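Q: Pasted the sequence and its predicted model underneath.
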Amino acid sequence: MHRKALEQDFAAPAGSVQSYASEMEFIRYALDSAAIVAMTDVKGTITFVNSKFCEISGYTAEELIGANHRMLRSDVHDTQFFRDMYRCVAHGEVWHGEICNKRKDGSHYWVDTTIVPHVGRSGKVDSYTAIRFDITSRHEAEARLQAAVSIDPLTGIANRRRFHDYLDTVLAEARSEGSVHLALLDIDTFKEINDAFGHDIGDDLLRIVSKRLSALMPPGCFVARLGGDEFGIVMTSMNVGAVIDFVEAILAQMRRPVSLGAQMRRCTTSMGVAAFPRDADNLEDLFKAADMALYRAKALGRDCAKFFIPSLRETADRRAELRTAVENGLVTDQFLLHYQPIVPTDRKSDPISLEALLRWHHPEQGLLTPGDFLVEIDDPGILAAIGMFVVERAFRDVEAMQLAGLPFCRVAINVTNADFRSDSFVDRFFELSEQMRIAPSRFCIEVTEGVFLGRDFLHLEGRLARLHEAGVEIALDDFGTGFASLTHLRSMPIDRVKIDRSFVSNLPDNTGDAAIIRGVVDIAHGMGKLVTAEGVETLEQAKLLNALGCDFLQGWHFARAYIPAQLPEVLHRLSTISPPHLIHHLPSTATRT
């Protein structure tokens, strides 16, 4: 549409044409200052562009005007996308959406676009005006986050989530093409290495192992770090003999000495291998079979690889014994909660909160954290029983804290998929709240990204909403370590994002982790959510996280996890320091006693 026609469409009443013309000039100036504007005829021929359009596209006005708008297509969107868009505007309706266009130099940019059709006096659409805003930086930040959650941040290879997706695809294809082998690899004596040399050296070893594995991978093989010192390898297009040779080559490569600090040390690995569909006909059972084979390799002296055999079902019996021990521990009061402070970085924020952390006073093994036993439990019923214990004990402890006058905002409790299998957990929460006269707002429910993967997602959404509407804060824990859907972050009732300690542990040296944290903070704050960084162990980390905009910090730099009887002294010490000085006040070793 030409400028003269535009002015006629918005013509002022008789006698005020001059004043209206100046208003149009002001509107054009305002649009040119803030928006990317273009006009086309009904065939898509560009008739007008403003300076910002030229700036972002890289074309001059002379190159654009008279050309068809299709010259900007990036091929990111399919034909149906544009068909739906044109159908909308052709009927005289305003269309709004996000479009990826291509610059003159071939690079892509994203724009938030509103297309307004102009209906002429004949009643037909005769032109379109598109007003756009550059959102490229947001899309790039989202892309970086999406990439980050597919890659293990420590080693740079694929993580568990990416591995599962890949293996799931391979198994679906292999149903008609042949067998697939899955190998699970653990580093022998990794815990002892961590204890003897420290976690930094342990992390170095994990990086060395990942590099050696990646260098060995031929076409048709895929490797990932699954967590801790466990790696997964998928082998396709290999017969049994080739698999045996490849596994032996991996073990030989892993035996090469490595530098651990000032020492050279020979480290070995153990492997368990299972075949699809011979040993299992689905992903879950294939993992179980490979895990049983790995356990056998370790039991037989390590530094070897074992293939699954049916007799390894005895491993399942071991897990059954663990389930029995947990059930007995719940009945005999072997479980308890420790509490770790979550401190604000700003005076205007809420006061100190607490996270309830489960501990098991095992009669033989001593005090165990969830990492020592929960990873071995796959029974939803037992997990739900543990979750019910946690909520009931947390209410009892909060009641005692309130009576003692402890200065805290709320207590966060961790939940799993099993807690939301039915309404029992939520019903019990509100029952305890009413019985003990403790407001729901005194609690935060922390969910991990994995809860969104369950088949009961719709039920989960309703139960979380029920808690949230009553005043319970909802936090997304361990953000960035697995699923990390920005869609769920936007649509679910989430108040707080907790950045996983894996992104914090290498600060301030790792600029990549700092950039990811900055991106998380920007996106979360843009969506009106708070950000907590966990695993803060040093003063330098605390200062940097504060500078990056985190609202709350949690970790051993401030305080470890304590039993309720120790909390009065800890909270008194922390509450006497104003938030702006809290980060700088405490030495990193103050809470390790």
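A: Here it is on my side, so go on.
Q: Residue 118 contacts residue 125, doesn't it?
A: Yes. Residue 118 is within contact range of residue 125, at 6.7 Å (criterion: Cβ atoms under 8 Å). From N, CA and C alone the C-beta is placed, and that goes for glycine too.
Q: Let's verify residue 112: helix, strand, or coil?
A: Residue 112 falls in the strand class when you classify it by DSSP: H, G, I helix; E, B strand; the rest coil.
Q: partners of it in the sheet?
A: Partner residues in beta bridges with residue 112, using DSSP bridges, are residue 98, residue 133.
Q: Roughly how far does it sit from residue 125?
A: 22 Å (Cβ to Cβ, to the nearest Å).
Q: What of residue 263?
A: With distances defined as Cβ to Cβ, the gap from residue 263 to residue 125 amounts to 76 Å.
Q: So between those two, which is more surrounded?
A: residue 125 (17 against 11; other Cβ atoms under 10 Å).
Q: For that one, which non-adjacent residue is closest in space?
A: Closest residue in space to residue 125, ignoring its immediate chain neighbours: residue 117 at 4.5 Å, by Cβ to Cβ, 6 or more residues apart in numbering.
Q: What does residue 359 show for phi and psi?
A: Torsion angles at residue 359 (phi, psi; degrees, to the nearest 10) stand at phi -140, psi 150.
Q: For it, name its beta-bridge partners.
A: residue 336.
Q: ok, it touching residue 366?
A: No. Contact status for residue 359 versus residue 366: not in contact, 10.2 Å apart, counting by Cβ under 8 Å.
Q: more neighbours, these two?
A: Between residue 359 and residue 366, counted using other Cβ under 10 Å, residue 359 has the larger neighbour count: 17 against 9.
Q: Okay, that one and residue 503: tell me how far apart.
A: From residue 359 over to residue 503 (counting by Cβ to Cβ), the distance is 25 Å.
Q: and if you look at residue 419?
A: From residue 419 over to residue 503 the distance is 26 Å, taken as Cβ to Cβ.
Q: try residue 547
A: Between residue 547 and residue 503 the computed distance is 15 Å (Cβ to Cβ).
Q: Looking at these two, which one has more neighbours?
A: residue 503 (24 against 13).
Q: per-residue confidence at that one?
A: Listed pLDDT for residue 503 reads 90.
Q: Do I have it right that it meets residue 519?
A: No. Contact criterion Cβ under 8 Å: residue 503 and residue 519 do not qualify, at 10.5 Å.
Q: Just name the shakiest helix or strand of this structure by mean pLDDT.
A: Among the helical and strand segments of the chain, the one scoring lowest on mean pLDDT, DSSP states H and E is helix 3-9, with a mean of 43.
Q: so who does the nearest residue to residue 34 once chain neighbours are set aside touch?
A: Once its chain neighbours are removed from consideration, residue 34 has its nearest residue in residue 133; the separation is 7.8 Å (Cβ to Cβ, 6+ apart). Residue 133 makes contact with 34-36, 111-112 under the criterion Cβ atoms under 8 Å, 6 or more residues apart in numbering.
Q: And the buried ones among those residues, selectable in ChimeraX?
A: A single ChimeraX command suffices to select whichever of the contacts of residue 133 are buried according to 16 or more other Cβ atoms under 10 Å:
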select :35,36,111,112
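Q: From the contacts of residue 133, pick the one nearest residue 215.
A: Distance ranking of the contacts of residue 133 against residue 215, using Cβ to Cβ, places residue 111 first at 42.1 Å.
Q: what's around the closest residue to the closest one other than its chain neighbours, how many residues?
A: Spatial nearest neighbour of residue 111, chain neighbours left out: residue 132 (3.9 Å); criterion: Cβ to Cβ, 6+ apart. Burial of residue 132, expressed as a neighbour count using other Cβ under 10 Å, amounts to 22.
Q: how about residue 132, what does it touch?
A: Contact criterion Cβ under 8 Å, 6+ apart gives 35-38, 53, 99, 111-114 as the residues in contact with residue 132.
Q: ok, now how distant is it from residue 115?
A: Counting by Cβ to Cβ, the gap from residue 132 to residue 115 is 9 Å.
Q: now residue 341
A: Using Cβ to Cβ, residue 341 is found at 52 Å from residue 115.
Q: what do you get for residue 103?
A: According to Cβ to Cβ, residue 103 and residue 115 sit 20 Å apart.
Q: swap in residue 173?
A: Residue 173 sits at a distance of 41 Å from residue 115 (criterion: Cβ to Cβ).
Q: Same question for residue 462.
A: Taking Cβ to Cβ as the measure, residue 462 and residue 115 are separated by 36 Å.
Q: isn't residue 539 right up against residue 557?
A: Yes. Because the distance of 6.5 Å satisfies Cβ under 8 Å, residue 539 is recorded as touching residue 557.
Q: that older thread, the more surrounded of residue 173 and residue 115?
A: Neighbours per residue (other Cβ under 10 Å) separate residue 173 from residue 115, with residue 115 holding more: 21 against 11.
Q: so which helix or strand takes in the more buried one?
A: For residue 115, the element it lies in under DSSP states H and E is strand 108-119.
Q: List the buried residues for that strand?
A: Counting neighbours by 16+ other Cβ under 10 Å, one finds that the buried residues in strand 108-119 are 109-113, 115-118.
Q: Quickly list what residue 233 is bridged to.
A: residue 183, residue 223.
Q: if we can go back for a sec, now do the strand holding residue 115: which elements does it pack against?
A: Strand 108-119 sits against helix 51-57, helix 79-90, strand 95-102, strand 125-134, helix 136-148, with contacts defined as 3 or more Cβ pairs under 8 Å, 6 or more residues apart in numbering; DSSP states H and E.
Q: Out of these, which is closest to residue 298?
A: When those are ranked by proximity to residue 298, the top entry is helix 136-148, at 31.8 Å, counting by Cβ to Cβ.
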